[in-house]
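[1] sharing a sequence plus its predicted fold:
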Amino acid sequence: MRHRRNTTKLKRTAAHRRSLLANLACSLIEHGRIKTTLGKAKALRPVAEKMITLGKRGDLHARRLALAFLRQKDAVKKLFEEVAPASKDRQGGYTRITKLGVRPSDAAPMGYIEWVDAPVTAEAAEPAEAAKAE
């Protein structure tokens, strides 16, 4: 029986969907914010939240589970050392999806998905300081 086994299929096979979500999660961990379609962002949110939960656990088994899904050692290292500790006091809701409108070429709804507790980088701080100076 398939009770309560609903998932966003994204018009892909199961293996293709798993690879897509793993790659999107790695990009989100690496860059902190990615621009993608709303469907992919909404499908990525539960995956990203589970990865943060594994990162907050921090034990060897959690690291191996994250590596089995993400398949990129550098992404797992950054997840456990930088991204997850930034959300240590938060009990969930680690990501934010911001709608951007439609893509001009095919009118697909676009949006940003980003970490709520993202550490402030030097690139993001510079425009804010320049705006204050003016």
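    Everything's here; your move. Since the model is a prediction, treat every value here as computed from it, not as a measurement.

[2] which one is residue 72 nearest to, not counting chain neighbours?
    residue 26 (5.0 Å; Cβ to Cβ, 6 or more residues apart in numbering). From N, CA and C alone the C-beta is placed, and that goes for glycine too.

[3] could I get the contacting residues of the one you found?
    Residue 26 sits next to 70, 72, 75 when contact means Cβ atoms under 8 Å, 6 or more residues apart in numbering.

[4] contacts for the helix or strand residue 111 falls within?
    Using DSSP states H and E, the element containing residue 111 is strand 109-115. With contacts defined as Cβ under 8 Å, 6+ apart, strand 109-115 is touched by 28, 32-39, 41, 44-45, 48, 83, 86-87, 94-103.

[5] can you give me the buried ones in it?
    For strand 109-115, burial by neighbour count (16 or more other Cβ atoms under 10 Å) applies to 110-111, 113-115.

[6] okay, now residue 73: neighbour count?
    10 (other Cβ atoms under 10 Å).

[7] ah, wrong one, I meant residue 6
    7.

[8] and it, helix, strand or coil?
    Secondary structure assignment for residue 6 (DSSP: H, G, I helix; E, B strand; the rest coil): coil.

[9] and residue 36, what is it in contact with?
    Contacts of residue 36 were listed using Cβ under 8 Å, 6+ apart, and they are 24, 44, 110-111, 113.

[10] I am finished for the moment; much appreciated.
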